[in-house]
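Visitor: Below: sequence and its predicted model.
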Amino acid sequence: GLILFSNEQFAALLETPLARVIGSSIRDYVESEDAFVLSALLATPRRAEAQLRLKRGSGDLVPVRISVNTLLLDGIECICFIVTDLTEQRRNQEIVAAERLARSILDQAAGAILVVDPTGKIIRASRAASQLAKTAVLLRQFDEVYALRITSDAIADEVITDYTFAEILSTVQRLGAVSDLEATVHVPDGKTLDAIVSAGLLSSDNAECLGCIVQISDISALKQTEVSLRESESRLRALGDNLPEGAIYRLRQETDGRFYFEFISAGMERLNGVPVEEMMRNPWAGFRTMRREDLERMMDAISVSREQLTRFEIEVYHTHRKTGQVCWSLLRSSPWRHPDGSTVWNGIQLDITDRKRAVDALRESERRLGFALEGGQMGMWEWYPANSQSLWNEKEYELLGLPAGRPPGANRFVFPAYTSSGC
């Protein structure tokens with residue numbers, strides 16, 4: 001491996017004086033990890049070549065290709081090395097690989113990604129960019145392909161203005177980026193799309209502005225969904241606001257236990273006297289109108305409904321905050337689980353105060369009737385002509401001298417005129 005001759009170019013490649021190179025061993029300049037490659041080349045009797053790395057005087061490694069052949073010099077068989085510097089070739093390969101990687105990233109991107117030079121010319125574009133514009137976009141002016149318009153507030157009015165690439169570039173140079181800007185995009189086929197626009201500065205190693213990287217994401221379908229949801233919520237609100245004795249709501253509980261209303265119809269304030277805006281901020285403002293034991297029962301029922309995803313239904317006693325009136329409400333809802341683990345109940349609250357009062361009044365009447373019958377020593381019976389069944393109280397058996405139990409046929413104790421008339 002002793003070097004008998006070297007030209008200046010090889011010494012310059014090694015960044016080592018020529019006088020030091022000649023007479024030294026070639027092994028001294030080969031990276032240790034590539035030593036086995038050199039050994040294989042030296043052991044090869046015929047022409048061969050391989051790639052390895054040489055160590056420069058600075059300690060840097062330089063990639064080279066070494067071609068080997070035998071050579072007779074003054075009757076002595078020697079090995080001739082032809083060394084080719086691969087640094088520039090490797091750099092070009094890396095550039096090509098980086099370009100391929102960039103192209104792959106652009107082509108795989110879901111949104112339209114464009115590289116635009118300072119004059120507004122599109123010099124790189126993803127496949128999605130052409131699909132969005134329904135035409136080829138490369139080497140065309142950005143504003144010619146994507147006519148952007150944005151809505152800005154001017155005092156109390158909304159103003160729609162053009163948003164050119166020059167303004168995008170100016171904003172990026174001043175602020176560093178354009179982030180998630182909502183805009184409309186008019187494309188060459190005549191369509192106008194809703195979009196989110198983002199942009200970042202593209203600069204060289206010496207901070208020279210090379211243009212912008214612009215991303216345009218089509219959100220037209222999302223916007224249409226939002227419009228449909230708003231219309232649906234508007235119809236839901238109109239329905240809830242016009243329920244005469246009820247209200248509808250959407251209650252959400254996060255995984256940390258926190259409650260909040262996502263929607264409340266106006267009827268809720270009529271039911272419990274708490275303004276809707278206050279309950280939207282703090283649901284406990286409505287919950288605290290209930291008496292303590294009913295609030296505890298409600299929270300227990302919510303826990304069961306959340307854990308088992310079963311229907312929630314409970315009657316609660318509460319006080320109207322404005323009037324002080326005692327009221328009864330029926331709460332009924334169905335839960336469903338969000339992917340994030342939170343739970344939502346879509347439900348209805350109905351005022352059942354009148355029904356409760358009617359039931360209480362009926363029970364009181366029955367209680368008083370029982371006292372009256374007991375105090376007046378009166379017998380009482382009921383007859384159902386459709387099936388000839390009758391029900392007697394104990395005093396009726398006693399008055400007629402019959403043993404208590406199943407009453408006999410009612411016809412034996414009903415006036416014939418009533419029997420024949422079907423009364």
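Guide: Received the coordinates, thanks. Numbering: from 1, shown residues only.
Visitor: So what touches stretch 299-306?
Guide: For stretch 299-306, contacts defined as C-beta atoms under 8 Å, 6 or more residues apart in numbering pick out 253, 310-314, 333, 335, 343, 345. Placement of C-beta: from N, CA and C, glycine included.
Visitor: elements contacting the host helix or strand of T184?
Guide: Using DSSP states H and E, T184 falls within strand 177-186. In terms of contacts (3 or more C-beta pairs under 8 Å, 6 or more residues apart in numbering; DSSP states H and E), strand 177-186 is packed against strand 147-154, helix 165-175, strand 192-203.
Visitor: and the first one, what's its mean pLDDT?
Guide: Averaging the model's pLDDT scores along strand 147-154 yields 76.
Visitor: And the strands in the stretch 201-350 of the chain?
Guide: 209-218, 246-253, 259-264, 312-319, 326-337, 343-351 (DSSP state E, counting those that start in this stretch).
Visitor: burial measure for G211, as a count.
Guide: 24 (other C-beta atoms under 10 Å).
Visitor: could I get the helices and strands packed on strand 177-186 as a markdown table with distance to G401?
Guide: As requested, the helices and strands packed on strand 177-186 are exported to a markdown table (distance: least, C-beta to C-beta, whole Å):
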| stretch | distance to G401 |
| --- | --- |
| strand 147-154 | 94 |
| helix 165-175 | 104 |
| strand 192-203 | 90 |
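Visitor: Among the ones you listed, show me which one is buried the most.
Guide: Sort the helices and strands packed on strand 177-186 by mean neighbour count, taking mean count of other C-beta atoms under 10 Å, and strand 192-203 sits at the top with a mean of 18.
Visitor: Direction included, what does that one pair up with?
Guide: strand 177-186 (antiparallel), strand 209-218 (antiparallel) (DSSP bridges).
Visitor: Between these, which one is closest to R321.
Guide: strand 177-186 (40.9 Å; C-beta to C-beta).
Visitor: which residues does E182 bridge with?
Guide: The partner residues for E182, given DSSP bridges, come to I196.
Visitor: So for L61, which of the strands of the stretch 201-350 of the chain sits nearest?
Guide: strand 209-218 (30.9 Å).
Visitor: what mean pLDDT does the closest one have?
Guide: Here the average pLDDT along strand 209-218 is 90.
Visitor: With stretch 13-30 instead?
Guide: For stretch 13-30, the per-residue pLDDT averages 90.
Visitor: Same check on stretch 195-202?
Guide: In this model, stretch 195-202 carries a mean pLDDT of 91.
Visitor: which outside residues touch it?
Guide: 115, 148, 163, 168, 171-173, 176-185, 209-220.
Visitor: and with 6 Å instead?
Guide: Identification of contacts with stretch 195-202 by C-beta atoms under 6 Å, 6 or more residues apart in numbering yields 168, 172, 177-181, 183, 185, 210-219.
Visitor: and if you look at stretch 1-9?
Guide: 18, 21-22, 24-27.
Visitor: Which parts of that stretch count as buried, going by neighbours?
Guide: By neighbour count with 16 or more other C-beta atoms under 10 Å, stretch 1-9 contains the buried residues 3, 6.
Visitor: what's the answer for stretch 18-33, then?
Guide: 21, 24, 26, 29-30.
Visitor: First-to-last residue distance for it?
Guide: Distance across stretch 18-33, first residue to last, is 25 Å (C-alpha to C-alpha, to the nearest Å).
Visitor: got a list of contacts for that stretch?
Guide: Stretch 18-33 has contacts (C-beta under 6 Å, 6+ apart) with 1-3, 6, 8, 11, 14, 38, 53-55, 61.
Visitor: Check the offset of that stretch from the chain's centre.
Guide: Counting by C-alpha atoms, centre = their mean, to the nearest Å, stretch 18-33 is centred 62 Å from the centre of its parent chain.
Visitor: One more: stretch 274-283?
Guide: For stretch 274-283, the distance to the chain centre is 26 Å (C-alpha atoms, centre = their mean).
Visitor: try stretch 357-369
Guide: Per C-alpha atoms, centre = their mean, the centroid offset for stretch 357-369 relative to its chain is 55 Å.
Visitor: Same question for stretch 209-219.
Guide: 23 Å.
Visitor: doesn't E144 make contact with A133?
Guide: No - between A133 and E144 no contact is recorded; they are 9.9 Å apart, counting by C-beta atoms under 6 Å.
Visitor: So those two - more neighbours on which side?
Guide: A direct count of neighbours by other C-beta under 10 Å for A133 and E144 places A133 higher, at 24 against 14.
Visitor: Show the contacting residues for that one.
Guide: By C-beta under 6 Å, 6+ apart, the residues touching A133 are 145, 187.
Visitor: Try it again at 10 Å.
Guide: The contact partners of A133, taken as C-beta atoms under 10 Å, 6 or more residues apart in numbering, are 112, 114, 122, 125, 140, 144-146, 185, 187-189, 191, 193, 216.
Visitor: follow-up on the earlier one: which residues are in contact with each of A133 and E144?
Guide: 122, 188.
Visitor: what number of residues lie near the closest residue to A112 other than its chain neighbours?
Guide: Nearest residue to A112 in three dimensions, chain neighbours excluded: A129, at 3.8 Å (C-beta to C-beta, 6 or more residues apart in numbering). Neighbourhood size, A129 [other C-beta under 10 Å]: 25.
Visitor: now swap in D294 and tell me
Guide: D294: 18 neighbours (other C-beta under 10 Å).
Visitor: gap between it and E313?
Guide: Here D294 is placed at a distance of 13 Å from E313 (C-beta to C-beta, to the nearest Å).
Visitor: do the same with G273
Guide: 23 Å.
Visitor: between those two, which one's more packed in?
Guide: Between G273 and E313, counting by other C-beta under 10 Å, G273 is the more crowded of the two (18 against 13).
Visitor: so what's the more buried one up against?
Guide: Here G273 is in contact with 286, 289, 318-325, 327 (criterion: C-beta under 10 Å, 6+ apart).
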